[in-house]
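Chemist: need a structure here:
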Amino acid sequence: MNTWEQAWLAYQPFEEYEDKAFFSSYYTEEKSILVESGIRELETAASSLFQIKIKEEKQREKAGICLEKNAALSVGKEGYQISCTGNQAIICSPGDKGLLYGIFTLILKAAAGERLKNLQVRETPANPLRMLNLWDNIDGSIERGYSGNSFLYKEGKICVTPRIRDFARLMASVGINGISVNNVNVRDGAEWLITEKHRKELKETAKVLEAYGISMYLCIDFAAPITVGGLDTSDPLDDRVRQWWKDTCRELFLDVPNLGGFLVKADSEGRPGPFAYGRNHADGANMLAEAVEPYGGTIIWRCFVYNCKQDWRDLKTDRAKAGYDNFMPLDGRFASNVVLQIKNGPIDFQVREPVHPLFGHLEHTNQILEVQAAQEYTGQQIDVCYLVPMWKEVLDFSTGCGKERDTVADIVSGRTFGQETCGMAAVSNTGEDANWTGHDLAAANFFGFARLAWNPGEGAEQIARDWTALQISRELPVIDTVTDILLKSREVYEKYTAPLGIGFMVNPSYHYGPNPEGYEYSPWGTYHRADHLAIGVDRTQKGTGYTEQYFEKNGSIYRNPETCPQNLLLFFHRLPYTYVLPSGKNLIQHVYDTHFEGYEDVVRMEEQWLSLEGKISGKVFERVKERFALQKENSRQWRDVINSFFYRKSMIPDEKGRKLY
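Modeler: Sure, this is the predicted structure:
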């Protein structure tokens, strides 16, 4: 018996459902592995939801669900159309993958309690690549993992278990079509995943994923020619290195046909890369691109590159500028099967930071937006923090690049510059915990990322409501309560943590809990420069010059503290504690107020959750109840530490007379 749950594929049974007759039978002329996966899902859903044993119907007109391939349907190879008329649901697509996605859509709509009668759906995914990045290590640990250990690796080996199929089902149900299966920090034996040593298990894993339309990617060690191949160099322009990669890829790709390519972290935070040989990122990426090109492979090259050995006394070097400075000069020099993976912001997945300035500038380079579902800096799946509103802000951001379609969503979908190898990726928040994501409500981030990757135009509220109906309860009062908690959770978390876009202020290394000066004198480049008069980093043209990396439309807004968004004020400006905000409060009073409010908001969210006792699964209720107790204590600690820090720096009291330490 499985020790894990099924998240939003739990298929909570109905006592009565008006349209269950659709699930009595199906008709198909297609028998591909993808369609077979879809049929198995129909069997599971019909049995779990309606206690029906769905049967195959040989006569098309008698089937409740009809699966049809139609090459003329203009929805793209992964798109689909669902048309429910009378007693029949017709799912139509040019490709088998589209049929699988259409099957899941029909099932999930029914599972959420929606009527299928007269349903008409026509869907085309906005983004070609819709990926999860696992940060699982081969020893079974997960870097920045908050949901238990890896279910994919144990003690240096790949573990091919039924849980991988259920993970593939979860991904396919919301349109994920790619996954990198190991940590970008490739170490402790993971360098050998590209070799014969792990080939059998790798092929088995790839086969499971292939049955659900998911391509597998490997994270590689750029120095593998040395660490694995026995060469004395990994110089990308060395003929021996180039040949080694070609030979390695020939064996690997021909043996693992569902391999999509490689994800590479190079010259970042101590990882090896082309810089050691006087080469640039294009040299490194293009060498690998040449090796995988005969097999249709893609090289995904991360742009998270900066000086992690900065002298804190250096007031001009700015970590925020590094991504642009490293990659903008190389625009147009990358091979067509290279795609740059760019984080949503220039620092590192903070609860609030501006959109990365590379978006809109790279006209001649494929690009992927990278976000982090794993809550490294946003509560670590102890504190509830629904990230879909944040990701929506990023996707909807108008870059001002001069094109009619200038949002980040337009750019990473390929619409702006006519690119095809592009899309979205999320660092996964999954692990071997029974509920997959540690905090039950964190599953909304996994689900929500995938929904946005398919359609960036979807609303955060609708996604939250749909997820709640599938995983928590179909009862309207429960949906309303959980959705309300989710929608305000990110702003609540922001209230009691680092204020006004300043970022970090966390415990070093672990990144949970307050430590205002934990990184202040470190080499990591994450400084707030607080003294007794002021706080913040001047990133205008008079400071580090970071604002000049934006197009004028946004640069002009960010340069001026009076027009700069208040929630980013201390990211862009160094300001005195007495600076008056548009609200009429001075800066330090805003800090005091928001931190007291943040704690009280958590107390109220906890009360909302407690009101659900007896209305939802007891197991889920208790697990989230325990997390809220931890979040309440965490928010209290943040409130008192941050407020006391600002008080001790400024010696300006809270005008409301509340306790400061």
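
Chemist: ok, now how distant is residue 173 from residue 620?
Modeler: The spacing between residue 173 and residue 620, counted by Cβ to Cβ, to the nearest Å, is 19 Å. For every residue, glycine as well, the C-beta is placed using N, CA and C.

Chemist: Comparing those two, which residue is more hemmed in?
Modeler: Higher neighbour count among residue 173 and residue 620: residue 173, with 23 against 17, using other Cβ atoms under 10 Å.

Chemist: That one: what's it in contact with?
Modeler: Shown in contact with residue 173 (Cβ atoms under 8 Å, 6 or more residues apart in numbering): 8, 9, 104, 107, 108.

Chemist: burial count for the residue nearest to residue 615 when sequence neighbours are not counted?
Modeler: Distances taken as Cβ to Cβ, 6 or more residues apart in numbering place residue 478 nearest to residue 615, at 5.6 Å, with adjacent residues excluded. Residue 478 has 17 neighbours, counted by other Cβ under 10 Å.

Chemist: Where does residue 478 fall, secondary structure wise?
Modeler: Per DSSP states H and E: residue 478 is located in helix 476-496.

Chemist: Could you look up the SS state of the nearest residue to residue 552 once chain neighbours are set aside?
Modeler: With sequence-adjacent residues excluded and distances taken as Cβ to Cβ, 6+ apart, residue 552 is closest to residue 400, at 6.8 Å. Put simply, residue 400 is coil when judged by DSSP: H, G, I helix; E, B strand; the rest coil.

Chemist: For residue 400, report the pLDDT, please.
Modeler: We have a pLDDT of 98 for residue 400.

Chemist: who's in contact with the residue nearest in space to the middle of the chain?
Modeler: Geometric centre of the chain, nearest residue: residue 426, 2.3 Å, by Cα atoms, centre = their mean. Going by Cβ under 8 Å, 6+ apart, residue 426 touches 131, 132, 133, 370, 371, 372, 373, 446, 449, 453.

Chemist: average pLDDT across the helix or strand where it lies?
Modeler: Secondary structure from DSSP H and E places residue 426 in strand 423-427. Looking at strand 423-427 alone, the average pLDDT works out to 99.

Chemist: try stretch 114-126
Modeler: When pLDDT is averaged over stretch 114-126, the result is 98.

Chemist: Can you tell me which of the contacts of residue 173 lies closest to residue 332?
Modeler: Each of these was scored against residue 332 by Cβ to Cβ, and residue 104 proved nearest at 38.7 Å.

Chemist: Over to that closest one. Which of the three states is it?
Modeler: helix.

Chemist: ok, it to residue 169 distance?
Modeler: 9 Å.

Chemist: With neighbour numbers in mind, choose between those two.
Modeler: Set side by side, residue 104 and residue 169 show more neighbours around residue 104, with 24 against 20, by other Cβ under 10 Å.

Chemist: Enumerate every residue touching the more buried one.
Modeler: Contact analysis of residue 104 by Cβ under 8 Å, 6+ apart lists 38, 41, 172, 173, 174.

Chemist: I'd like those laid out as JSON lines, including distance to residue 472, secondary structure and pLDDT.
Modeler: Compiled in JSON lines, the contacts of residue 104 are given as follows (distance: Cβ to Cβ, whole Å; DSSP: H, G, I helix; E, B strand; the rest coil; pLDDT from 0 to 100):
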{"residue": "38", "distance to residue 472": "25", "secondary structure": "helix", "pLDDT": "99"}
{"residue": "41", "distance to residue 472": "21", "secondary structure": "helix", "pLDDT": "99"}
{"residue": "172", "distance to residue 472": "22", "secondary structure": "helix", "pLDDT": "99"}
{"residue": "173", "distance to residue 472": "16", "secondary structure": "helix", "pLDDT": "99"}
{"residue": "174", "distance to residue 472": "16", "secondary structure": "coil", "pLDDT": "99"}
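
Chemist: among those, which two are most distant?
Modeler: Pairwise distances across the contacts of residue 104 peak at 14.4 Å for 38 and 174 (criterion: Cβ to Cβ).

Chemist: So for the two, which sits in the more crowded spot?
Modeler: A count of neighbours by other Cβ under 10 Å puts residue 38 above the other of residue 38 and residue 174, at 30 against 24.

Chemist: Residue 454 touches residue 129, doesn't it?
Modeler: No: under the criterion of Cβ atoms under 8 Å, residue 454 makes no contact with residue 129, lying 11.5 Å away.

Chemist: More neighbours: which of those two?
Modeler: residue 129 (27 against 22).

Chemist: Identify the bridge partners of the more buried one.
Modeler: residue 423 (DSSP bridges).

Chemist: What pLDDT is listed against it?
Modeler: Reading off the model, residue 129 has pLDDT 99.

Chemist: Could you check how far residue 523 is from residue 306?
Modeler: Applying Cβ to Cβ, the value for residue 523 to residue 306 is 11 Å.

Chemist: How about residue 198?
Modeler: The gap separating residue 198 from residue 306 is 32 Å, by Cβ to Cβ.
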